[in-house]
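Chemist: next input, structure requested:
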Amino acid sequence: MTRMYEHHDAVLHSVREGVIIVDGEGGLLLANDEAHRLLDLPPDAELRKVVDLGLDADTAELLASGRMATDEVHLVGERLLAINQRPTDLAGGPAGSVATLRDSTELRALSGRADAARERLDMLYAAGVGIGTSLDVTRTAEELAELAVPRFADFACVDLFDAVLEGGEPEPRGALRRTAMRAVREGAPLYPVGGRIRFVKSSPQARSLAEGRPVLETRLAESPGWRAQDMERTEQVVGFGIHSLITVPVRAGALLLGVVSFWRSERPQPFDPEEVALAEELVARAAVSIDNARRFTREHGMAVTLQRSLLPRTLPEQGALDIAYRYLPAQAGVGGDWFDVLPLSGARVALVVGDVVGHGLHAAATMGRLRTAVHNFSALDLPPEELLALLDELVARIDQDETADGTTAPVAGATCLYAIYDPVSRCCAVARAGHPPPALVRPDGRVEFLDVPAGPPLGLGGLPFETAEVELAEGSRLVLYTDGLVEDRKQDIDTGLERLRAALGDGDGSPEGTCRVVLESLLPARPNDDIALIVARTRALGADRVAEWAVPVDPAAVGEVRAAVARQLARWELEELSFTTELILSELVTNAIRYGSPPVRVRLLRDRTLICEVSDSSNTSPHLRYAAMTDEGGRGLFLVAQLTDRWGTRYTPTGKVIWAEQPLP
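Modeler: Below is the predicted model of the structure:
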């Protein structure tokens, strides 16, 4: 059999893999040079049995057995050998076997490096999708720490400048705040989350910030610069088993936002330069998200400040409604929701709630413009549908101006609901422009949504608005809100309205209690939109606080009116106001008789103030002016303006009303 292989001997010895031929009795017939090297065989190996070559038992057993093997790995000395073996008698040949041996030690090293590279790519991919899921600086820092531990480090700390957390540009010499920390085990003597830290110049963190590059400390116990930070604490850190550190500055362009520290304790080997490169890449990806969150925080803060400055800080004094309200900005960005309470003439009160589509400074600024416009329009004492028509025209004009300017986006949409409540008639007039309908809670607890024609959103133009009127019993609760309360991505508005109906049926019946119950029932954990809510409980101005007279179109009737008013003021124990009230009514009634049209009526209302009203059927309004020395008249309204807190004109479907208010003694 030896002669069978002699003519192949030169070829086999030149093969780069080890080759062994064993006979049927376990004797070694041939081993080429590579097999001698890999197995460390003696020079006379071909004269021995395989089991006598000094090989480990598993390897000797395999080679002597002649059984089939494919890439079976055996540890021979310090080498990992992959052995392939085939019997030689499968096709009728002589008994024995042929085995090839390949050194896989280097392949394993290459495979290990490939696994490390794959893990690095996996971490960078995870950083891309897992860091920056929210526009919150603290949460973004936490996501970086959570990704790094335990895959890369045993402890990770993110320290950012205070200004970054507030949305501002950091001052590099300022203190840092520990924003996030992640650990494989509790009890590490590192600085806690929330604490302010000033790193000494010799510390790795300070060097990273000063030099703008990562710093590697392979042996913390032998690092005097790091230990100088806090000798007692650093001794505890080393005693805890933390032995290696990488610090990486958090940079976004030219801005230095903070520093990240990666610590190792569980694995005995320290960080190496390749891991420094990975740490730098992780922090670089996170820095972009942290800076985006910082910028958003700044804009969000500016928008919140602007919006809160534009919303009412306190409710005006009025006696027609008991009011409670809530305003909650969205978590993700301030929108354009707004509300207002506007006292009108004749003890009436207007409620308004609106919503500008979109978020950010532009939406907040547009909301401020609309709220100011409603204030101005309400001073004209317009019916709800006319006020919305003017507001609609204003939004269309804003859109035209901004589209022509090209620097800002037009108003994508705005809705509004305007309601006027009169405590004398207990009538409420409501109109809406694309806004959700108001809810009404009757005194007996029944809940309904008022049937108010929807109208188009503001800015579309071309379609009229309609006003619905409803009589409200005293003690009814009128509920106005924005769509953020009843609609979100997880539920449509119909579901939200039914949930609102159910919530309004609970509570103690007070406006404050209603607000609390509604928000507890409907408020999502993280609102995607602003929420404005107003609950107004109606009051009625009783007949004992209202006096009214018809006035004949005769100048002599002025004296009768003055006498009747004096008697009424005496019944109300307001005799102190008799002189001024008689003077005011004399002027207003005389003007109505002389320049107006019948019927002429006088009404006194005792509310927070004393209100005098004179109505007639004409549409001409008197104007305040300076009378010349030679003029016989023209001084009456000047006196009215001097004697009252406020006076004005409001138009009605049947004419006009001239009114004046005096403070009560």
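Chemist: just the helices in the stretch 251-400 of the chain please.
Modeler: In the stretch 251-400 of the chain, the helices defined using DSSP state H, counting those that start in this stretch lie at 273-310, 361-378, 384-405.
Chemist: do the stretch 501-650 of the chain as well
Modeler: Counting by DSSP H, counting those that start in this stretch, one finds helices in the stretch 501-650 of the chain at the ranges 511-522, 557-571, 578-595, 636-643.
Chemist: out of those helices, the one nearest E466 is which?
Modeler: helix 511-522 (27.4 Å; CB to CB). In short, each C-beta sits where N, CA and C put it, glycine included.
Chemist: ok, and what's touching that closest one?
Modeler: 322-326, 328, 441, 477, 479, 485-486, 496, 499-500, 502-504, 506-507, 531, 533, 535-537 (CB atoms under 8 Å, 6 or more residues apart in numbering).
Chemist: same check, this time on stretch 40-58
Modeler: Residues outside stretch 40-58 that contact it (CB under 8 Å, 6+ apart) are 22, 25-31, 35-36, 39, 60-61, 63-64, 74-77.
Chemist: how far does that stretch sit from the chain's center?
Modeler: Centroid separation for stretch 40-58 versus its chain: 75 Å, with CA atoms, centre = their mean, to the nearest Å.
Chemist: what mean pLDDT does that stretch get?
Modeler: Mean pLDDT, stretch 40-58: 87.
Chemist: is it true that R608 touches P316?
Modeler: No. With contacts counted by CB atoms under 8 Å, R608 stays clear of P316, the gap being 10.6 Å.
Chemist: pick out whichever of the two has more residues nearby.
Modeler: R608 (15 against 11; other CB atoms under 10 Å).
Chemist: which residues does the more buried one contact?
Modeler: R608 neighbours (CB under 8 Å, 6+ apart): 317-319, 664.
Chemist: for it, what are phi and psi?
Modeler: Dihedral angles of R608 (phi, psi; degrees, to the nearest 10) stand at phi -70, psi -30.
Chemist: and the pLDDT for it?
Modeler: 91.
Chemist: kindly report the same for G634.
Modeler: pLDDT, G634: 51.
Chemist: in the stretch 301-450 of the chain, where is pLDDT below threshold?
Modeler: 303-304, 306-307, 309-310, 331-335, 358-361, 401-412 (pLDDT under 70).
Chemist: report the buried members of the contacts of stretch 40-58.
Modeler: Buried by 16 or more other CB atoms under 10 Å: 22, 26-28, 30-31, 35-36, 39, 60, 63-64, 74, 76, out of the contacts of stretch 40-58.
Chemist: return the subset of those lying in strands.
Modeler: Residues of the buried ones among the contacts of stretch 40-58 located in strands (DSSP state E): 22, 28, 30-31, 74, 76.
Chemist: and the furthest pair within the residues you listed?
Modeler: L30 and H74 (19.7 Å).
Chemist: beta partners of A350?
Modeler: L342, I420 (DSSP bridges).
Chemist: just checking, it touches Y418?
Modeler: Yes. Using CB under 8 Å, A350 is in contact with Y418, at 6.6 Å.
Chemist: ok, back up a step: the buried ones among the contacts of stretch 40-58 into TSV, with extra columns for distance to R298?
Modeler: Below are the buried ones among the contacts of stretch 40-58 laid out as TSV (distance: CB to CB, whole Å):
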residue	distance to R298
V22	78
G26	81
G27	84
L28	80
L30	79
A31	76
A35	72
H36	73
L39	70
A60	74
L63	74
A64	78
H74	64
V76	66
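Chemist: about what we covered before: A350 and Y418: who's more crowded?
Modeler: Taking neighbours as other CB under 10 Å, A350 and Y418 compare with Y418 leading, 31 against 23.
Chemist: how about the secondary structure of the more buried one?
Modeler: Secondary structure for Y418, judged by DSSP: H, G, I helix; E, B strand; the rest coil, is strand.
Chemist: got TSV for the helices of the stretch 501-650 of the chain, with mean neighbour count and distance to G445 too?
Modeler: Below are these laid out as TSV (neighbours: other CB atoms under 10 Å; distance: least, CB to CB, whole Å):
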stretch	mean neighbour count	distance to G445
helix 511-522	18	11
helix 557-571	16	37
helix 578-595	20	42
helix 636-643	16	46
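Chemist: and the ones you listed as JSON lines, adding distance to L394?
Modeler: Below are those laid out as JSON lines (distance: least, CB to CB, whole Å):
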{"stretch": "helix 511-522", "distance to L394": "30"}
{"stretch": "helix 557-571", "distance to L394": "41"}
{"stretch": "helix 578-595", "distance to L394": "33"}
{"stretch": "helix 636-643", "distance to L394": "30"}
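Chemist: identify whichever of these lies nearest to Y191.
Modeler: For the helices of the stretch 501-650 of the chain, the distance to Y191 is smallest for helix 511-522, at 38.2 Å, taking CB to CB.
Chemist: now that closest one: mean pLDDT?
Modeler: In this model, helix 511-522 carries a mean pLDDT of 92.
Chemist: so what's E217 up against?
Modeler: Residues in contact with E217 (CB under 8 Å, 6+ apart) are 204, 223, 226, 244-247.
Chemist: kindly indicate whether the closest residue to it other than its chain neighbours is helix, strand or coil.
Modeler: Closest residue to E217 apart from its sequence neighbours, by CB to CB, 6 or more residues apart in numbering: L245 at 4.3 Å. Under the three-state scheme (three-state DSSP), L245 adopts strand.
Chemist: tell me what L245 is bridged to.
Modeler: Beta-bridge partners recorded for L245 (DSSP bridges): E217, W263.
Chemist: does it really touch S261, like I thought?
Modeler: Yes. Using CB under 8 Å, L245 makes contact with S261 at a distance of 6.3 Å.
Chemist: which residues do those two both contact?
Modeler: P204.
Chemist: quick one: buried residues of stretch 215-233?
Modeler: Applying 16+ other CB under 10 Å to stretch 215-233 flags 215-218, 220, 223, 226-227, 229-230 as buried.
Chemist: will you turn the residues you listed into JSON lines that also has distance to T580 and pLDDT?
Modeler: Shown next, in JSON lines, are the buried residues of stretch 215-233 (distance: CB to CB, whole Å; pLDDT from 0 to 100):
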{"residue": "V215", "distance to T580": "83", "pLDDT": "95"}
{"residue": "L216", "distance to T580": "87", "pLDDT": "94"}
{"residue": "E217", "distance to T580": "86", "pLDDT": "93"}
{"residue": "T218", "distance to T580": "92", "pLDDT": "92"}
{"residue": "L220", "distance to T580": "87", "pLDDT": "92"}
{"residue": "S223", "distance to T580": "87", "pLDDT": "91"}
{"residue": "W226", "distance to T580": "83", "pLDDT": "93"}
{"residue": "R227", "distance to T580": "85", "pLDDT": "91"}
{"residue": "Q229", "distance to T580": "78", "pLDDT": "91"}
{"residue": "D230", "distance to T580": "78", "pLDDT": "90"}
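Chemist: could you list which of those belong to helices?
Modeler: 226-227 (DSSP state H).
Chemist: how many residues are close by A148?
Modeler: The tally of other residues near A148 (other CB under 10 Å) stands at 26.
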